[in-house]
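Asker: Starting from these lines, generate the structure:
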Amino acid sequence: MHKGSCLCGAVRLSVTGDLAPPSACHCTQCRKHTGHFEAGTDVLRSALTVVGEDNVTWFHTAKVRRGFCAICGSSLFFDAPHMDRIGINMGVFDTPTHVKLAMHIFVADKGDYYDITDGLPQNQQ
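Answerer: Modelled structure (predicted):
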């Protein structure tokens, strides 16, 4: 069981089962939503329990929605509603995740103020 919360605790979540290795997304939208690049893991919707779901606000873009706490603004979810999985930002987890970053995506859009030097695969899109 993995547990997590937003900064103020108004949204709490738990995930049953192991977490998939996260990826880091450097696209412009993720950078603007999180203030840097976004690192997240995808979990089956059936494995996720959210307490305080009424405090989650969704920002909709063309194909996905991004969930954040309406009270403290913590970036929480990346959701493509037509999929059976939902993305959870890694910074949300309070307990050890026992996973390591697997890859970087949308590096063509990354900010110019940092370099990616960890040796992990980098996909331009």
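Asker: lowest-confidence helix or strand of this protein?
Answerer: helix 28-34 (a mean of 92; mean pLDDT, DSSP states H and E).
Asker: Is there a neighbour count for residue 124? I'd like the number.
Answerer: Residue 124: 10 surrounding residues under other Cβ atoms under 10 Å. C-beta here means a position set from N, CA and C on the backbone, and glycine is covered the same way.
Asker: So it, which state does it fall into?
Answerer: For residue 124, the secondary-structure state derived from DSSP: H, G, I helix; E, B strand; the rest coil is coil.
Asker: Is residue 41 in a helix, a strand, or coil?
Answerer: Assigned by three-state DSSP, the conformation of residue 41 is strand.
Asker: actually residue 36, not the one I wrote
Answerer: Assignment for residue 36 (three-state DSSP): coil.
Asker: ranges for the strands of the chain?
Answerer: 2-5, 12-15, 23-25, 38-44, 48-51, 56-60, 65-69, 75-79, 85-89, 103-105 (DSSP state E).
Asker: Report how many residues lie close to the nearest residue to residue 76 once chain neighbours are set aside.
Answerer: In space, and not counting its chain neighbours, residue 76 is closest to residue 67: 4.9 Å by Cβ to Cβ, 6 or more residues apart in numbering. Neighbours of residue 67 under the rule other Cβ under 10 Å: 24.
Asker: OK, contacts around the spatially most central residue of the chain?
Answerer: Taking Cα atoms, centre = their mean, the centroid of the chain lies closest to residue 89, which sits 2.3 Å from it. The contact partners of residue 89, by Cβ atoms under 8 Å, 6 or more residues apart in numbering, come to 34, 38, 39, 40, 75, 76, 77, 78.
Asker: gap between it and residue 117?
Answerer: Distance, residue 89 to residue 117, by Cβ to Cβ, to the nearest Å: 22 Å.
Asker: what do you get for residue 41?
Answerer: Plainly put, residue 41 is 22 Å away from residue 117 if you go by Cβ to Cβ.
Asker: between the two, who's got more neighbours?
Answerer: For residue 41 against residue 117, the residue with the higher neighbour count under other Cβ under 10 Å is residue 41, and the figures read 24 against 6.
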